[in-house]
Structure formats: C-alpha cells, structure tokens
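Trainee: Sequence first, then the predicted structure:
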Amino acid sequence: MAPLSPSKALAKLQQLQKEHEDPKKQLAILRISEPIASASDVEVPNRSPAKRSSDVSADTLDNPTPASLEADLTHYKELFSKLRFSYLEQVTKEKFLRAIVGDPPLVVGHSENVELEAQLAEAKAELQRRKEEVRVMVEEMEKMGRELARRYKNIQLQTTQLSTLPDKISNLEATIAALRAKQTINADVSPSKGSSQNLPLPATLSLLSEREAELAALNRQLATLQSTLPRKTREAEAIERELGVLERRKGEAVAQAREAKRKKREGESDGLEEMGRWYRGAEKSLKQLVGVEG
C-alpha cells in the first residue's frame, strides 16, 4: 500500500473527525442510564410533579460521569432491594391468605416442607453461583471499560497530534528542498569544498578510517605529552626558582652600581677604581712578559 501524502492524510483525518462528531457514532459513557431517564420523564397520572421516586439529579442524567453512574447504581440497588423485599412480603401474605380462606384450606405437611426446603437450598446455591458469575463478569467489564477509556483518551491525544503533522511535514519537505538546492549550488561553485560530503559509501568509509587513524595518533601523542608533563613541570619550577635568584642578584648588582655611580659623582672613592687600575696595570705587565700585545 502506497503511503499517503500529507494533504490526503489530513483530508482522511478530517473525515474521521466529522464521523466522530456524529451523535450516533460518538463514543460516550454507557447509555444504560437512558431507559431509566426516559422512564422517569414519563408523566404518571395522579402523581404530584414535585414527588420523585429517586434522588438522581437531572444534571447527572444529562451529563453522566463514572462517579455519577456509580452513585446512581448504588442508589438503584438499594431501591430494588427494598422493592424485592416488599414484593416478597406481599406475595407471601397473599399466598397465606389464599391458603387459609380456600375451600378446602390448603394444608402443608412436614414432608412437603422438607422437600420445599431442599428445593429452596438448591435454588439458593444456584443463585449464589449465578451471583458470583455476574460479579466476575462485572469486574471484567469494569476493567475492560477502564482500559477502553484509557485507549480512547490516547487516541484523542494522538488524533490531535496527527492533525498538526501534515503542516510540519510540509514545512520539513520545504526545508529539505531548500537545503538540497543550496547544497547543489555550493557543489557547483566550489566542488572541492563539498567533495568530502558527497562521497559514496566505500570512499566515505575509507575517509572515516583515515580520520580514525589520525585521531588515534593524536591520542597517542597526547598521552605521551601527558606522561612528560610532570617532569616538564618540575623543570619549569626549578627554572623559576633560579630565575628568582638571578633577579635578586640583578637587583643587588644594580643597587651597587647606582651606589658606586653616586659616590663617584660626589667625589668619594670606594676603592673599586684603584683596584681596577691595579688590575689593568697587572694585566699589561703580564702581557708584556709573555709577549702578547694588548
């Protein structure tokens, strides 16, 4: 099956949404409350309009929710329980009266009572079994209803998201077309620039292998440099210490030179000049002795 285009997908989605908006096809909470609501709306003769047989509000019938339906179910269970008790009471009284006023009167013996009690026990056991089956069935239906409600909410959310996808797909297709056109123009203007980006798969794998080999070589060089870093750091610290000593010596020598210059300018003699003349005279005498011309 060929994939649908964004426009066709959007049209299909809008058609599904229109069908979903149809009241006959629209999902809703179980319409089991409709017969009850319609029966309660029927006008009964000789009954006051203000008199109501139940406490179910009209709003819950118009807009049923799981909580309201559960409350209504509990309410109706109580009403049906009372009604059944009243019915059994009236039927029992009627049977008793017919039995004692009949001609001849109905007389029930002990054996018949025992037989009726046995039948009643069997009927009660069958009723309990049916009730258990109904209870299990109701639990399964409730579980299935919750699961369907969760899936329905997910479908609604996904439908909302899908309604925005065609526009996004169209924008992405336009962006891809623009990028392809731009790439083609760049390849025509400077083929060497985009040559590495337009290689076939084997050439790309080969280029990738070369880059990985270069990266491995750089990693080895980096590891070597990192191993020599502590030694270079110690050497730099030693050189810094020596530089500090030389800086101090330089400062002392500069201070001495300034002091000597000051004394010379003031006419004081610190003995350095006489010592220098003596050294120059001694140097000249030694050169004459050894025959070296100065």
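Mentor: That came through fine.
Trainee: which residues touch Ala174?
Mentor: Neighbour list for Ala174: empty [criterion: Cβ atoms under 8 Å, 6 or more residues apart in numbering]. Bear in mind the C-beta positions are built from the backbone N, C-alpha and C, glycine included.
Trainee: distance of it from Asp167?
Mentor: 11 Å (Cβ to Cβ, to the nearest Å).
Trainee: Likewise for Arg98?
Mentor: From Arg98 to Asp167 the distance is 79 Å (Cβ to Cβ).
Trainee: can you count the residues close to Ser81?
Mentor: Ser81 has 10 neighbours, counted by other Cβ atoms under 10 Å.
Trainee: what's the distance between stretch 143-160 and the middle of its chain?
Mentor: When C-alpha coordinates are averaged (Cα atoms, centre = their mean, to the nearest Å), stretch 143-160 and its chain have centres 19 Å apart.
Trainee: Put the alpha carbons of that stretch into CSV.
Mentor: Written as CSV, here are the backbone C-alpha positions of stretch 143-160 (Å, rounded to 0.1, in the frame of the first residue of the first chain):
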residue,chain,number,x,y,z
LYS,A,143,-11.6,-3.5,33.9
MET,A,144,-12.3,-3.5,30.1
GLY,A,145,-14.2,-0.3,30.4
ARG,A,146,-11.3,1.5,32.1
GLU,A,147,-8.8,0.1,29.6
LEU,A,148,-11.1,1.3,26.7
ALA,A,149,-11.4,4.7,28.3
ARG,A,150,-7.6,5.0,28.6
ARG,A,151,-7.1,3.9,25.0
TYR,A,152,-9.8,6.3,23.9
LYS,A,153,-8.1,9.2,25.6
ASN,A,154,-4.8,8.2,24.0
ILE,A,155,-6.5,8.0,20.6
GLN,A,156,-7.9,11.5,21.1
LEU,A,157,-4.5,12.8,22.0
GLN,A,158,-2.8,11.1,19.1
THR,A,159,-5.5,12.4,16.8
THR,A,160,-4.8,16.0,18.0
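Trainee: Any regions of the stretch 1-150 of the chain where pLDDT drops low?
Mentor: Along the stretch 1-150 of the chain, the model assigns pLDDT under 70 to residues 1-7, 9-10, 19-64.
Trainee: cutoff 90 now
Mentor: Within the stretch 1-150 of the chain, the stretches with pLDDT under 90 are 1-74, 77, 92, 94-114, 116, 138, 142, 145-146, 148-149.
Trainee: for it, what spans make up the helices?
Mentor: Along the stretch 1-150 of the chain, the segments classed as helices by DSSP state H, counting those that start in this stretch run 6-21, 33-41, 58-62, 66-101, 110-189.
Trainee: List the buried residues of the fourth one.
Mentor: It stands for helix 66-101. Buried residues in helix 66-101, defined by neighbour count with 16 or more other Cβ atoms under 10 Å: 68, 72.
Trainee: Does anything pack onto it? Which helices or strands?
Mentor: Helix 66-101 sits against helix 33-41, helix 58-62, with contacts defined as 3 or more Cβ pairs under 8 Å, 6 or more residues apart in numbering; DSSP states H and E.
Trainee: Return the distance of Arg231 relative to Glu240.
Mentor: 15 Å.
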